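Enquirer: have a look at this prediction, sequence included:
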Amino acid sequence: MRDIAHSSSLPRRRRTKAILPLLLAALVAGGMALVFTGTASAGTTLGASAAEKGRYYGAAVGTYKFGDSTYMSVLNREFNSLVAENEMKWDATEPQRGSFNYGAGDRIVSHARANGMSVRGHALLWHAQQPGWAQGLSGSDLRNAAINHVTQVATHFRGQIYAWDVVNEAFADGGGGGRRDSNLQRTGNDWIEAAFRAARNADPGAKLCYNDYNTDGVNAKSTGIYNMVRDFKSRGVPIDCVGFQSHLGTSIAGDYQANLQRFADLGVDVQITELDVTQGGNQANIYATVTRACLAVSRCTGITVWGVRDCDSWRGSDNALLFECSGNKKAAYNAVLDALNAGTNPNPTTPNPSGNRLRNEASGRCLDVNGASSANGAQTIIWDCHSNANQQFTQNGRALQVMGKCLEIPANAAAGTRVQIWDCGGGANQQWVFNSNGTISNAQTGQCLDVNGAATANGSTVIVWSCHGGTNQRWARA
């Protein structure tokens, strides 16, 4: 969240600069597309270099900036993921009880989907930026309203969000390691669990994250969150990831990487969700340190900076981002790109222990690149399972690679579009989510791999279609 400066070395303050643009969002009609062109050579931009390492590198955006050509030029060139600064929060999406407004959030998502960028959803429940009507509720009435909000919003964006910050900033600062006192906490200590269960029911394909600040090292607050995550995992509460906001000052915890790793060891992904760093002699080094830490932890799936340029940042004169207002790259940018390019992918395309073929449940046949062609645009079918290279789909992050290409659908493909292979570019249209029910959904469209017409014969075409969980959409490694 950007409302408060989240670092023990920074003063706490309201993010009035970020809230005011919400009033302007409704004035921005039509608008400029949020584009990740993919034309830059691999390793020359943040997004491209991160994608080579099986990661994303994203930015927080506000629709009020979509008309700023310099802002958009930097965004389009550098990032392959985005998150809404304010447009998906409770006050923005449900300004009156039971009356939902998704216009600004839809605008961000549609731009991302059309241009190969993944989307983080932020945030379903938070003690701040609640609509006035919710602030006046308490007890079971507030609990019911909160769970309904989670259900409605996650359902609306179902299949379009890579990861949701389901709950944000629910733990208190200080040395106690306990929960923050809030109207939500006062509905009962199980409110976070209830929110995660509601989110999973509403969107089974999205990663579900808990997000907080001042958790950058091993301390009482991060340990309190660690204990909650460990408890959730032991009891089957659906939590997939933990977000570390990382609003940093002029230093960084010496155990930053170790802290990420201990959460990853619980069996959850970790994400750097709101990174910004006070400008000074150590800014570039801190940015590089965060980047190297993420690359060193195999379950660190990506980094998001909270804004694009210094003049877009909620932190004002801290000049805490990677670009000057003119769009020029800062020394911190070069440090991040160098760290990304020097890193290795801790999730290489090694054989899957269960096998690299994908066998369709209905037909018993395997996903197959037709004719064993490795040409761009070669289409997929099902065929009797064999051991040849055109049925070997290795996982690299969320990409499925075969014969040096990536499984994909064309950008913003409609239901019924045939699945093909193409040069790997790191876009969301080349990213696939393995769902718990055996379906495999595309990260850009949310549609599932589907054997057309539920056919079972050799040569039947493979398409994407609205997910329904039928046997022609269920796949298993073989």
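Expert: Arrived safely, thanks for sending.

Enquirer: just checking, what's the longest helix in the chain?
Expert: Longest helix in the chain, counting residues (DSSP state H): helix 139-156.

Enquirer: list the buried ones in whichever helix or strand comes after that helix?
Expert: Next helix or strand after helix 139-156 toward the C-terminus (DSSP states H and E): strand 163-168. Neighbour-count burial for strand 163-168 flags 163, 164, 165, 166, 167, 168 (criterion: 16 or more other CB atoms under 10 Å). Backbone N, C-alpha and C define where each C-beta goes, glycine included.

Enquirer: thinking again about what came up before, the longest helix of the chain packs against which elements?
Expert: helix 90-93, strand 118-126, helix 132-135, helix 191-202 (3 or more CB pairs under 8 Å, 6 or more residues apart in numbering; DSSP states H and E).

Enquirer: what sits up against it?
Expert: Residues from elsewhere that reach helix 139-156 (CB atoms under 8 Å, 6 or more residues apart in numbering): 88, 90, 93-94, 97-98, 100, 102, 121, 124-125, 134, 137, 161, 164, 166, 183-184, 186-188, 191, 194-195, 198-199, 201-203, 206.

Enquirer: next one: stretch 403-413
Expert: Counting by CB under 8 Å, 6+ apart, 113-116, 369, 372, 374, 376, 378, 380, 389-390, 392-393, 399-401, 417-425, 427, 429-430, 432, 442, 444-445, 447, 464 sit against stretch 403-413.

Enquirer: now residue 78. Its backbone dihedrals?
Expert: phi -100, psi -30 (degrees, to the nearest 10).

Enquirer: wait, it touches residue 46, no?
Expert: Yes - if you go by CB atoms under 8 Å, residue 78 and residue 46 touch, sitting 4.8 Å apart.

Enquirer: who touches both of those two?
Expert: With CB under 8 Å, 6+ apart, residue 78 and residue 46 have common neighbours residue 57.

Enquirer: just to revisit the earlier point, which ChimeraX command selects the buried ones in the contacts of helix 139-156?
Expert: To isolate the buried ones among the contacts of helix 139-156 in ChimeraX, judged by 16+ other CB under 10 Å, type:
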select :88,90,93,94,100,102,121,124,125,134,137,161,164,166,183,184,187,191,194,195,198,199,202,203,206
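
Enquirer: next up, the contacts around the residue nearest the centre of the chain.
Expert: Among the residues of the chain, the one closest to the centroid is residue 120, at 3.7 Å (CA atoms, centre = their mean). Contacts for residue 120 (CB under 8 Å, 6+ apart) come out as 58, 81, 82, 83, 161, 162, 163, 164, 165, 271, 273, 304.

Enquirer: contacting residues for the fifth one?
Expert: With contacts defined as CB under 8 Å, 6+ apart, the neighbours of residue 161 are 109, 119, 120, 121, 154, 203, 206.

Enquirer: output those residues as TSV; include the columns pLDDT.
Expert: Below are those laid out as TSV (pLDDT from 0 to 100):
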residue	pLDDT
109	88
119	90
120	95
121	97
154	96
203	91
206	88
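
Enquirer: from residue 192, how far out is the nearest residue to residue 150 once chain neighbours are set aside?
Expert: With sequence-adjacent residues excluded and distances taken as CB to CB, 6 or more residues apart in numbering, residue 150 is closest to residue 198, at 4.5 Å. Applying CB to CB, to the nearest Å, the value for residue 198 to residue 192 is 11 Å.

Enquirer: same thing with residue 460?
Expert: 44 Å.

Enquirer: same question, residue 94
Expert: Look at residue 94 and residue 192: by CB to CB, they are 19 Å apart.

Enquirer: who are the contact partners of residue 464?
Expert: Each residue near residue 464 by CB under 8 Å, 6+ apart is listed here: 409, 413, 415, 416, 417, 419, 442, 445, 447, 448, 449, 450.

Enquirer: need the residues you listed in a markdown table with neighbour count and pLDDT, can you?
Expert: Listed next are the contacts of residue 464 as a markdown table, based on neighbours: other CB atoms under 10 Å; pLDDT from 0 to 100:
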| residue | neighbour count | pLDDT |
| --- | --- | --- |
| 409 | 22 | 94 |
| 413 | 20 | 88 |
| 415 | 12 | 90 |
| 416 | 13 | 89 |
| 417 | 16 | 92 |
| 419 | 24 | 95 |
| 442 | 27 | 93 |
| 445 | 21 | 90 |
| 447 | 23 | 91 |
| 448 | 29 | 92 |
| 449 | 26 | 95 |
| 450 | 25 | 92 |
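
Enquirer: in strands, which of those appear?
Expert: 442, 448, 449, 450 (DSSP state E).

Enquirer: returning to that earlier point: ok, the residue nearest to residue 150 to residue 211 distance?
Expert: For residue 198 relative to residue 211 (CB to CB), the value is 17 Å.

Enquirer: over to residue 339?
Expert: Using CB to CB, one obtains 23 Å as the distance from residue 339 to residue 211.

Enquirer: equivalent analysis for residue 131, please.
Expert: In terms of CB to CB, residue 131 sits 20 Å off from residue 211.
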